[in-house]
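K.L.:
Structure of the sequence below:
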Amino acid sequence: MRIWSRLPLAGKLVLVSSALVVAATATGVATTLQVSERLTSAAVDRAVEDAAAGFTQAVNEQTKRAESMAVLVAQDPEVRAAFAAGDRDRLLALTEDSFAVLKADYGLQQLQFHTPPATSFLRVHKPEKSGDDLSSFRHTVVAANADQTMVSGIESGVAGLGLRAVVPVQGPDGAHIGTVEFGLSVDQSFLDRFHESFGVDAALLLPAEDGTYTLAATTFATAPSLTDAEAAAAMNGDTLRQQADLGGVPTVVTGEALMDYSGAPAGVLVLGIDVSSLTSVAATARTQGLLAGLVVLVVGLVLSLLVARAIGRSITEPVGRLGALLARVAGGDLTQRAERQGSREVVEMADSLNATLDSIGGTVRSIRDASRRLAASSEGMAGVVGDLSIRTEEATQGAQAAAGTSGEVSSHVSVVASATTEMGASIAEIASSAATAAEVAHRARETADRTGVTVGQLSAATAEIGEAVRTVTAIAGQTNLLALNATIESARVGEAGKGFAVVASEVKELAQQTAHFTEEISAKIEAIRSGSDAAVAAIAEISEVVEQVNDLQQAIASAVEQQSATTAEIGRSVNEAAGGTEEIARAMSGVVATAQAALGDARATDRASHDLAELATQLDGLVQHFDLAD
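P.N.:
As a prediction, this is how the structure comes out:
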């Protein structure tokens, strides 16, 4: 993470885009290889299915051939007559030549006649042997004689597996007399023909009584390794499949049960499919896919590098310009502004920075102006404080002089104090009465305000009534005009006065409007009445307030009389206290001390004003660090 944080933006873009290209290319190559593998596997599956279908086709063709030959012999009248008569010699004479031809041309292995249930009557392929009972192992013959129907398919015999076609034979009278059988062996020759026809190797494994399996026939040059356990599993219904290298040839080996005519397993059929061409194609596809992936990777990396450099330049160059601008701002230059160049985001960043610089410049400019005004004010305050100090010194001197002449009034201070107390009581009463009078006056003012509002409402209602009356007047004029039109229309149109009906409808609508405005006039009149009532109530309240003011005025007059007496007493006391100034002198001493303290405060204020001026000068010096575009 530390290395990543130190990388420039362009380097990060290159790494990210390269990683994306590599990931996309790897995904594409992996997908291509997977598709190739699936296609190859599907092709192998089809080849295996085709091989199995080919073997089934070969078996079916042989079975159909045997069925056709057996049906042809069973329907021959002479054969039926000789068989019905039990004439072996005649029957042999009729069939031995045909058997020789069929054996030579089609690989026919046996031609045999049976009497029910499964007794050999004549073996054309071995005429010296007859009369033996085959019912213990020739179940196709037993079934054909029992059901009197044709039975065909693979069946195990003494000589191994064979393709049997057993057809019932009827005598001349139509009675069932036995069966005729044509047999083809599933042996080496059969597998050789299958290999020649389909190009697929085949092997036949037959079960022995001890549980092992013997190889009955094979076309494999190199036998596949198939254990007895695997063969037994195939006999039980499993399908075996192996990938083997037989003689340097990639081969898919399959093993499955070979079913007889009844659907029971008779042996294990092993097929070997050469998949060298498929594997070669798959290998070529993989190689081409890897090469294509490599080309795409190289091209993608080059393109990602170019795109990353272009994007990096479009971002880093504007960011570099902004960084240089901020460095100048840090040095105090507020006159520069960011260029509005680059992408939309960069332009928006430049606009935001310019707005910030404008705001900072305005703030610094305001601080500068304020510091200058502060300096000027400090200078003015220093002058005022100097004058105040001078006046304070003069007042101190005057107070000291007055202290020497104020002792004579000390003897009469107590009298003056008593009179002052009485005068204070009277004055308090006067003040209370005056406050009450003020409150009453305030209430009178509020009442007058409410009266003014009410009168205003009355005036507005009156104006609205005038508007409603004007509307009624206009409607009346329209009504008269419509009436005139109705008269003209009825006189001009002679067809049942249709126009008159229209005009009459309009007159009716205007009449409704007139009624509506009449209601509005009534409402306005009611508003005037309510306003008038409110005005009357307000006037009554004003009258009551005026009466209260009158009472208070009388109380004030009484208080004034008492004040007059008290004032006379104070005058006499003052005359007696003219020579007593001792207490006043002491008081003047306090005044002198206060004046001296005020003088000290004035001098401290003068020092503070000078400090404030110095602070303003320092602040202005700090602001001068910034270069403003004034």
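K.L.:
Was I right to think Phe190 contacts Gly107?
P.N.:
Yes - the criterion here is Cβ atoms under 8 Å, and Phe190 meets it with Gly107 at 7.4 Å. For glycine as for every other residue, the C-beta is placed from the backbone atoms N, C-alpha and C.
K.L.:
what do the two both touch?
P.N.:
Taking Cβ atoms under 8 Å, 6 or more residues apart in numbering as the criterion, Phe190 and Gly107 both touch Leu184.
K.L.:
Which secondary structure elements does the helix or strand where Thr284 lies sit against?
P.N.:
For Thr284, the host element (DSSP states H and E) is helix 276-330. Contacts defined by 3 or more Cβ pairs under 8 Å, 6 or more residues apart in numbering; DSSP states H and E place helix 276-330 against helix 9-74, strand 249-259, helix 344-405.
K.L.:
how about the ones you listed in a markdown table, adding mean pLDDT, mean neighbour count and distance to Lys129?
P.N.:
Output for these, formatted as a markdown table (pLDDT from 0 to 100; neighbours: other Cβ atoms under 10 Å; distance: least, Cβ to Cβ, whole Å):
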| stretch | mean pLDDT | mean neighbour count | distance to Lys129 |
| --- | --- | --- | --- |
| helix 9-74 | 84 | 16 | 20 |
| strand 249-259 | 92 | 19 | 28 |
| helix 344-405 | 73 | 15 | 104 |
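K.L.:
Next, format those as a markdown table and append distance to Ser589.
P.N.:
Listed next are these as a markdown table, based on distance: least, Cβ to Cβ, whole Å:
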| stretch | distance to Ser589 |
| --- | --- |
| helix 9-74 | 84 |
| strand 249-259 | 132 |
| helix 344-405 | 6 |
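K.L.:
can you tell which of the ones you listed is closest to Gln512?
P.N.:
The closest of those to Gln512 is helix 344-405. By Cβ to Cβ, the value is 63.8 Å.
K.L.:
so what does that closest one touch, helix or strand wise?
P.N.:
Using 3+ Cβ pairs under 8 Å, 6+ apart: helix 344-405 touches helix 276-330, helix 582-623.
K.L.:
mind listing the strands for the stretch 151-300 of the chain?
P.N.:
In the stretch 151-300 of the chain, the strands defined using DSSP state E, counting those that start in this stretch lie at 151-157, 160-170, 176-185, 201-207, 213-218, 240-246, 249-259, 265-274.
K.L.:
could these be laid out in CSV, adding distance to Ala613?
P.N.:
CSV is the format used below for these (distance: least, Cβ to Cβ, whole Å):
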stretch, distance to Ala613
strand 151-157, 127
strand 160-170, 129
strand 176-185, 133
strand 201-207, 117
strand 213-218, 121
strand 240-246, 103
strand 249-259, 104
strand 265-274, 110
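K.L.:
out of those strands, which comes closest to Glu439?
P.N.:
From the strands of the stretch 151-300 of the chain, taking Cβ to Cβ, the stretch that ends up closest is strand 240-246, at 116.9 Å.
K.L.:
send the alpha carbons of the closest one over as PDB?
P.N.:
Extracted in PDB, the C-alpha atoms of strand 240-246 (Å, rounded to 0.1, in the frame of the first residue of the first chain):
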ATOM      1  CA  LEU A 240     -17.300 -48.300 -18.900                       C
ATOM      2  CA  ARG A 241     -15.200 -45.600 -20.500                       C
ATOM      3  CA  GLN A 242     -11.500 -45.100 -20.600                       C
ATOM      4  CA  GLN A 243      -9.000 -42.900 -22.300                       C
ATOM      5  CA  ALA A 244      -6.100 -45.000 -23.400                       C
ATOM      6  CA  ASP A 245      -3.000 -44.800 -25.600                       C
ATOM      7  CA  LEU A 246      -3.100 -48.000 -27.700                       C
END
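K.L.:
what residues does it touch?
P.N.:
Taking Cβ under 8 Å, 6+ apart as the rule, strand 240-246 contacts 48, 220-222, 224-226, 230, 233-234, 250-256, 272.
K.L.:
Now do that strand: distance to the chain's middle.
P.N.:
Put simply, strand 240-246 sits 52 Å off its chain's centre (Cα atoms, centre = their mean, to the nearest Å).
K.L.:
And the pLDDT for Leu291?
P.N.:
Predicted confidence (pLDDT) for Leu291: 82.
K.L.:
That one: neighbour count?
P.N.:
By other Cβ atoms under 10 Å, 11 other residues sit near Leu291.
K.L.:
Could you check how far it is from Thr31?
P.N.:
Distance, Leu291 to Thr31, by Cβ to Cβ, to the nearest Å: 16 Å.
K.L.:
Kindly report the same for Thr95.
P.N.:
For Thr95, the distance to Thr31 - Cβ to Cβ - is 66 Å.
K.L.:
Skipping adjacent residues, who's closest to Phe220 in space?
P.N.:
Asp201 (4.8 Å; Cβ to Cβ, 6 or more residues apart in numbering).
K.L.:
Contact partners for that neighbour?
P.N.:
Asp201 touches 195, 218-221, 251, 271-272, counting by Cβ under 8 Å, 6+ apart.
K.L.:
Farthest-apart pair in these, please.
P.N.:
Among these, Ala221 and Leu271 lie farthest apart (Cβ to Cβ), at 14.6 Å.
K.L.:
Compare these two (neighbour count), which wins?
P.N.:
In terms of neighbours (other Cβ under 10 Å), Leu271 is the more surrounded of Ala221 and Leu271; the figures are 25 against 10.
K.L.:
Let me know the pLDDT of that one.
P.N.:
93.
K.L.:
beta partners of it?
P.N.:
Ala202, Thr254 (DSSP bridges).
K.L.:
I'd say Lys129 and Gln112 touch.
P.N.:
No - using Cβ under 8 Å, Lys129 makes no contact with Gln112, being 10.0 Å away.
K.L.:
joint contacts of the two?
P.N.:
Joint contacts of Lys129 and Gln112 (Cβ under 8 Å, 6+ apart) are 120, 123.
K.L.:
Compare these two and say which one has the larger neighbour count.
P.N.:
Gln112 (23 against 11).
K.L.:
Residues touching whichever helix or strand the more buried one is part of, excluding its own?
P.N.:
Element membership for Gln112 (DSSP H and E) is strand 110-115. With contacts defined as Cβ under 8 Å, 6+ apart, strand 110-115 is touched by 73, 83, 91, 95, 99, 102, 120-126, 134, 138, 141, 145, 162, 166, 169, 177-183.
K.L.:
of those residues, buried ones?
P.N.:
73, 83, 91, 95, 99, 102, 120-125, 134, 138, 141, 145, 162, 166, 169, 177-183 (16 or more other Cβ atoms under 10 Å).
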